[in-house]
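> Structure of the sequence below:
(chains A and B)
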Amino acid sequence: MPTILLVDDHDLIRQGLRRAFERDSDFTVVAEASSVAQCIELADSLTPDVAVIDINLTDGSGLEAVTHLRKHHSEMGIVVLTMYDDDQHMFQAMESGASAFVPKSVSTDQVIAAARHAASAPHAFSAADLAAAMRRKMTPTGPRLSAREAQLLELLGEGLSVSMVARRMFISESTVKTHMSKLYDKLGASNRAQALMSAIRLGLLSSPDKSR
Amino acid sequence: MRSWLRTNEGAAPVPRRRFFVASGYRVMLFGLVALLLLLKQRDVASIAWLVALGAVAAASSRRQTPDRTTQLLLVAEVSIAALGGVFTGGTDSPLLAYLPAPTLAAGILLGLEGAILTTGLGAVVVLTGRTRFDDPAELRSFTSSAAQWVVLSLATGVLGNLLRDLLQEAKEPPASQRYGEAYRLLGQLRAVTRRLPGSLDPTTVATNVLQECRAITSFTRGGVFMQTGGEVLVPLAMEGMRRVPWRLNVDEPGPIGVAWRAVSPVLEERQPDKAGRRRGSRLLVLPVVVEERPVGVVVLESLTDDEFTAAAVEELGAVVQNAGLPLETAALFDELRLSAATEERQRLAREMHDGIAQDLAYLGFELDGLHSGLRKSGDDASAAQALELRQRITALISELRLSISDLRSSVGPARGLGAALTEYARSVGTSTGMTVHLELSEGALRLPADTEVQLLRIAHEAIGSARRRRGARNLWVTLVIDPPGGSLVIEDDGEKDGALNRDAIETQVMLERAQRVHASLQVAERHPNGICVSVVLGRDINADDPAG
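All right, here's what the predicted structure looks like:
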């Protein structure tokens, strides 16, 4: 019978999950933890088949525990169960090495299904909204640049100086600086490097690696 | 003595100043005693007593903690000094002069009780030693001499106890004291703000400044701009223009930068440009100064040559100088209010996340168990009810999560309205499945902090209503910021029948927020579906720009 470790800083949630796993699944709950340190200690000593981990724990982020477990127990299934079910946390869980990402609002059937998936395929990642999240990531809702600003961004990306940009765009250096100021503001940047990084992250500019 | 020896176990080290005074006095007296002893009595016994006293004094002077070992060493030190005095010449013994050293140390390190007990112990030892003297004259002489030293030791011990408080090092006040200070300061602030002749709203104060300037001289356009953290000034009030025509970066060249750095008025004659797009004008920049530090500028521009005479500039300078403190006070008050509101919202978000949201999730898990049990027992009707209840709980959790997201979303010095709105709209899109169409147009300038906050809250209300509206699949958010003006439009394509009535409370809240930042708000049905909420900022947004 596969074993499971429940990690959450709320007693009630652990209690609800324990009952659900004991009632409706073939899992055996071997231990409960409320902190990152406890989780790591219990996982190291008991090596459960699956760990269900909350992100918000008493002594830090559950994702730290996920990273540790993936590094030291590569075959352990890891389910991240959280109230923060946004894209950012989902991708962070994936990058930390989780096998599944489940919001706390879902039914216990879905939590158990995620645990089964994690036990059978610990290195594959599953999440209910994964496809939509990937689409959102591919088409970001970032700031909309004017044609001038887009052209300026391209030229800045080529590494041109202000005077060279001015010559290329047939405008004065002062006007270039005004456009740059607006561009930085839209991208939430305070210098050229930050602006270029933001633009690449938002998909407004292709990264040098990709363009090669 | 027992309680004295028992109570200080595990005590913390004493402040270093106390330690140095106690040890310094000890070294000085020991040096004096040793010198006198070596000069007067060079016998083996005296030197042996001196060595014994030196050893105990050395060990005792190293102690920085008023614990049992320190107490025992002080007992040993005073006993050796007293006994040594008895056995090395009585009245003539220099060792008696050492008695005040351990009592001072006891007073400093252990307090009055320690000083009295140490002196008392010395007195007992000396009294016991009196039996050694058979000759009545010698006994009287010794008793008199020893009594003087004992009294002096007691006085030194009491002095040590007084020094104990004086040598207390300055330390961080306890948290309760800091709260007490904060309470007193906030109480004073409340009393002061109630007595203020004017407003504590930065925009109102700035508008009053412009009106006072206009009473002195006429100008075509003018504005009050304040620093709120960055190098670019933020417009608080403007007249005669719909957008800022001047560069507001205080680090850049130009009259505003010059006036800022020089902290003095700058009058610039501006020539018409060759293309004829701009007429010639006179530009006056008056720095707003508080405690010899620039905090903002008042900029006035006139298209006629006869304005801004020397007398007018002097009068205007006085107005702006007087306005410095009210403007800065209003800005500080605004910052304090916003920071308190943000902190409270964060606290509420944490409480909701850690409290009711987790409880609802647990309830959902238990309902899943109930539903499963009912289904297995064949009670389909009850199972369906349990399932319906579960679905409502799930919807409630989602709603709660969005409320938490509302509470956490905020603007700040490093995070403008556009960035906050983008993140919020994205989180709404993620959690509701609505497609969010976001269009931002922000310039280099930012709006005043309170205006940004109120616009964000209006966006929260409008988006919140939209996501609750049946059939809403798309959300359009358009933000245009061009200080001091700007607009925010939020549209959805949900059901519009009766929506305006249902959202009456939200509309009222949005209206109050809009009024607070002098903006107009319109809530209307959208064609063919949905509701459109639009906010327009800036009283002069449609004013002509005479300078072109």
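> C-alpha from now on. contacts and neighbour counts both.
Fine.
> per-residue confidence at B:V313?
Residue-level confidence at B:V313 comes out at 89, pLDDT.
> Over to it. Which of the three states is it?
Counting by DSSP: H, G, I helix; E, B strand; the rest coil, the backbone at B:V313 sits in helix.
> any idea how far it lies from B:T220?
Taking Cα to Cα, to the nearest Å as the criterion, B:V313 is separated from B:T220 by 16 Å.
> Between those two, point out the one with more neighbours.
The neighbour count for B:V313 versus B:T220, taken as other Cα atoms under 10 Å in any protein chain shown, is higher for B:V313 (21 against 18).
> For that one, give its distance to chain A.
Distance of B:V313 to chain A, given as Cα to the nearest Cα, to the nearest Å: 30 Å.
> B:V295 now?
As for B:V295, its distance to chain A is 22 Å (criterion: Cα to the nearest Cα).
> which ones are touching that residue?
By Cα atoms under 8 Å, 6 or more residues apart in numbering or on different chains, the contact set of B:V295 is B:M226, B:Q227, B:P287, B:V288, B:V289, B:G324, B:E328.
> hang on, it is in a strand, isn't it?
Yes: checked against three-state DSSP, B:V295 lies within a strand.
> Isn't B:V56 up against B:L73?
Yes: shown here, B:V56 and B:L73 form a contact pair, counting by Cα atoms under 8 Å, at 6.7 Å.
> What segments of chain A are strands?
Along chain A, counting by DSSP state E, strands occupy A:3-7, A:28-33, A:50-53, A:56-57, A:60-61, A:77-82, A:100-103, A:126-127.
> Could you dump those strands into CSV with mean pLDDT, distance to chain B and mean neighbour count added?
Compiled in CSV, these are given as follows (pLDDT from 0 to 100; distance: least, Cα to the nearest Cα, whole Å; neighbours: other Cα atoms under 10 Å in any protein chain shown):
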stretch, mean pLDDT, distance to chain B, mean neighbour count
strand A:3-7, 94, 14, 25
strand A:28-33, 94, 16, 19
strand A:50-53, 95, 14, 29
strand A:56-57, 90, 9, 22
strand A:60-61, 92, 14, 14
strand A:77-82, 94, 10, 29
strand A:100-103, 93, 10, 26
strand A:126-127, 90, 13, 20
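> Need the ones you listed in JSON lines (columns: distance to B:S145).
JSON lines is the format used below for the strands of chain A (distance: least, Cα to Cα, whole Å):
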{"stretch": "strand A:3-7", "distance to B:S145": "77"}
{"stretch": "strand A:28-33", "distance to B:S145": "74"}
{"stretch": "strand A:50-53", "distance to B:S145": "80"}
{"stretch": "strand A:56-57", "distance to B:S145": "73"}
{"stretch": "strand A:60-61", "distance to B:S145": "70"}
{"stretch": "strand A:77-82", "distance to B:S145": "83"}
{"stretch": "strand A:100-103", "distance to B:S145": "88"}
{"stretch": "strand A:126-127", "distance to B:S145": "93"}
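> what residues does chain A put near chain B?
Within chain A, the residues that sit near chain B (Cα under 8 Å from any Cα of the partner chain) are A:10, A:12-13, A:16-17, A:20, A:23, A:83-87, A:104-109, A:133, A:141-144, A:181-182, A:185-186, A:188.
> hmm, 7 Å instead?
Taking Cα under 7 Å from any Cα of the partner chain as the contact definition, chain A meets chain B at A:12-13, A:16, A:20, A:86, A:104-108, A:141, A:143-144, A:181-182, A:185-186.
> in the stretch 51-200 of chain B, what residue is nearest chain A?
Of all residues in the stretch 51-200 of chain B, B:A175 sits closest to chain A, with a separation of 23.9 Å (Cα to the nearest Cα).
> Give me the neighbour count for that residue.
9.
> what does the one 3 residues further on give?
Each residue near B:R178 was counted by other Cα under 10 Å, and the total is 12.
> Put the alpha carbons of the helix or strand containing it into PDB.
Mapping B:R178 onto the secondary structure by DSSP states H and E places it in helix B:175-195. Written as PDB, here are the backbone C-alpha positions of helix B:175-195 (Å, rounded to 0.1, in the frame of the first residue of the first chain):
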ATOM      1  CA  ALA B 175       8.200  47.600  23.000                       C
ATOM      2  CA  SER B 176       5.500  48.800  25.300                       C
ATOM      3  CA  GLN B 177       7.400  52.000  25.800                       C
ATOM      4  CA  ARG B 178       7.700  52.500  22.000                       C
ATOM      5  CA  TYR B 179       4.000  52.000  21.600                       C
ATOM      6  CA  GLY B 180       3.500  54.500  24.400                       C
ATOM      7  CA  GLU B 181       5.500  57.000  22.500                       C
ATOM      8  CA  ALA B 182       3.700  56.300  19.300                       C
ATOM      9  CA  TYR B 183       0.400  56.700  21.100                       C
ATOM     10  CA  ARG B 184       1.400  60.000  22.500                       C
ATOM     11  CA  LEU B 185       2.700  61.200  19.100                       C
ATOM     12  CA  LEU B 186      -0.500  60.100  17.200                       C
ATOM     13  CA  GLY B 187      -2.600  61.700  19.900                       C
ATOM     14  CA  GLN B 188      -0.700  65.000  19.400                       C
ATOM     15  CA  LEU B 189      -1.100  64.600  15.600                       C
ATOM     16  CA  ARG B 190      -4.800  64.200  16.000                       C
ATOM     17  CA  ALA B 191      -5.100  67.300  18.200                       C
ATOM     18  CA  VAL B 192      -2.900  69.300  15.800                       C
ATOM     19  CA  THR B 193      -4.700  68.300  12.600                       C
ATOM     20  CA  ARG B 194      -8.000  69.300  14.200                       C
ATOM     21  CA  ARG B 195      -6.600  72.800  14.800                       C
END
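> neighbouring contacts of the helix or strand that it is followed by?
From helix B:175-195 onward toward the C-terminus, using DSSP H and E, the following helix or strand is helix B:202-216. If you take Cα atoms under 7 Å, 6 or more residues apart in numbering or on different chains as the criterion, helix B:202-216 is touched by B:S199, B:V224, B:L236, B:A237, B:A312, B:L316, B:A323, B:L327, B:A330, B:A331.
> rerun that using 8 Å as the cut-off
With Cα under 8 Å, 6+ apart as the contact definition, helix B:202-216 has outside contacts at B:198-199, B:222-224, B:236-239, B:312, B:315-316, B:319-320, B:323, B:326-327, B:330-331, B:334.
> same check, this time on stretch B:523-540
When contacts are taken as Cα under 8 Å, 6+ apart, the neighbours of stretch B:523-540 outside the stretch itself are B:238-242, B:462, B:466, B:472, B:484-496, B:499-500, B:507, B:514, B:517-522.
> Got a PyMOL select line for the buried ones in those?
Restricted to the buried members of the contacts of stretch B:523-540, where burial is judged by 16 or more other Cα atoms under 10 Å in any protein chain shown, the PyMOL selection command reads as follows:
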select buried, chain B and resi 238+239+240+241+242+462+466+472+484+485+486+487+488+489+490+491+492+493+494+495+496+499+507+514+517+519+520+521
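> Out of the contacts of stretch B:523-540, which sit inside helices?
In helices, defined here by DSSP state H, the members of those are B:A462, B:A466, B:A499, B:L500, B:T507, B:A514.
> coming back round to it: how far out from the middle of the chain is the helix holding B:R178?
14 Å (Cα atoms, centre = their mean, to the nearest Å).
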